[in-house]
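1. Sequence plus the predicted model coming up.
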Amino acid sequence: MSSDEFREAVADVKPLKRSRRIALKGPAPAPVPEQRRRDEIAALAESLEGPTSVDDALDSGEELVYLRDGMSRQVLRRLRRGHWVIQDGLDLHGLNRDQAAVAVAAFLHQCAARGLRCVRIVHGKGLGSHNREPVLKAKLRKWLPPRQEVLAYCQAPASEGGSGALLVLLKAKH
């Protein structure tokens, strides 16, 4: 379309009358601190779940946590935050103490031989045991630290079993 054709097309167009009213905008609503609200909810949830830091976890004795002497606490922080991919797992549900001890030893030996770094051991919450106590959880506290391949362990995040499971960091295969 040329400029002459355009002028012909809009020749009978008349401008709109201007309104004498001016639309005033009201004051803008106060901003909603959405991220702050989410942070506060997350902090509350974390405080209800357990220790807020690795140092608190090590000092409290309530959460099942271990870090081999000479290892940086940063290793444990990374383990808790999912830095390493869980490469295999062992579920101890339905096993008695003796069966669980054999299963854990065999599992860790196999994982070390395969060169795995991070594994999960599900010990359960003890809901099926006498007095509803987590028997295997207490046993793991004794079984894991003496094993040379175990560098650290901590309670698994809720999505991986929470207080009924451990994440275990193993030595790298040389």
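-> Looks like it came in fine. Residues are numbered from 1 along each chain as shown.

2. Could you check how many residues crowd around residue 91?
-> For residue 91, the neighbour count with other Cβ atoms under 10 Å is 14. No exception for glycine: its C-beta is placed from N, CA and C like everyone else's.

3. ends of stretch 108-123, how far apart?
-> Chord length of stretch 108-123, first to last residue, is 14 Å (Cα to Cα, to the nearest Å).

4. Contacts for it, please.
-> With contact meaning Cβ atoms under 8 Å, 6 or more residues apart in numbering, stretch 108-123 is reached by 79, 84-93, 100, 104, 107, 134, 136-137, 139-140, 147, 149-150, 156, 160-161, 164-173.

5. Now the buried members of those.
-> In the contacts of stretch 108-123, burial by neighbour count holds for 79, 84, 86, 89-90, 92, 100, 104, 107, 134, 136-137, 139-140, 147, 149-150, 156, 160-161, 164-170, counting by 16 or more other Cβ atoms under 10 Å.

6. Any regions of this structure where pLDDT drops low?
-> Per-residue confidence of the chain (counting by pLDDT under 70) places the weak regions at 46-63, 126-132, 174.

7. In strands only, show me the buried ones among the contacts of stretch 108-123.
-> Those of these mapping onto strands are 89, 90, 150, 165, 166, 167, 168, 169, 170, per DSSP state E.

8. check contacts around the fourth one.
-> With contacts taken as Cβ under 8 Å, 6+ apart, residue 165 has the following neighbours: 120, 121, 122, 123, 155, 156.

9. Repeat that for the second one.
-> Taking Cβ under 8 Å, 6+ apart as the criterion, residue 90 is in contact with 103, 104, 107, 119, 120, 121, 122.

10. what's the closest of the residues you listed to residue 29?
-> Looking at these and their distance to residue 29, the nearest is residue 120, at 46.9 Å (Cβ to Cβ).

11. Next, the buried residues of whichever strand or helix holds that closest one.
-> Residue 120 is part of strand 118-122 when elements are defined by DSSP states H and E. By neighbour count with 16+ other Cβ under 10 Å, strand 118-122 contains the buried residues 118, 119, 120, 121, 122.

12. Could the C-alpha coordinates of stretch 134-151 be exported in PDB?
-> Below are the C-alpha coordinates for stretch 134-151, written out as PDB (Å, rounded to 0.1, in the frame of the first residue of the first chain):
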ATOM      1  CA  PRO A 134      14.600 -48.300  66.200                       C
ATOM      2  CA  VAL A 135      16.800 -51.200  67.100                       C
ATOM      3  CA  LEU A 136      18.800 -51.300  63.800                       C
ATOM      4  CA  LYS A 137      19.300 -47.500  63.800                       C
ATOM      5  CA  ALA A 138      21.200 -47.900  67.100                       C
ATOM      6  CA  LYS A 139      23.100 -50.800  65.800                       C
ATOM      7  CA  LEU A 140      24.300 -48.900  62.700                       C
ATOM      8  CA  ARG A 141      25.800 -46.300  65.000                       C
ATOM      9  CA  LYS A 142      28.100 -49.100  66.200                       C
ATOM     10  CA  TRP A 143      28.600 -51.000  63.000                       C
ATOM     11  CA  LEU A 144      29.500 -48.200  60.600                       C
ATOM     12  CA  PRO A 145      32.300 -46.100  62.100                       C
ATOM     13  CA  PRO A 146      34.800 -49.000  62.500                       C
ATOM     14  CA  ARG A 147      34.500 -49.800  58.800                       C
ATOM     15  CA  GLN A 148      37.400 -48.400  56.800                       C
ATOM     16  CA  GLU A 149      35.400 -47.700  53.700                       C
ATOM     17  CA  VAL A 150      32.900 -45.400  55.600                       C
ATOM     18  CA  LEU A 151      33.900 -41.700  55.600                       C
END
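
13. Okay then, goodbye and thanks.
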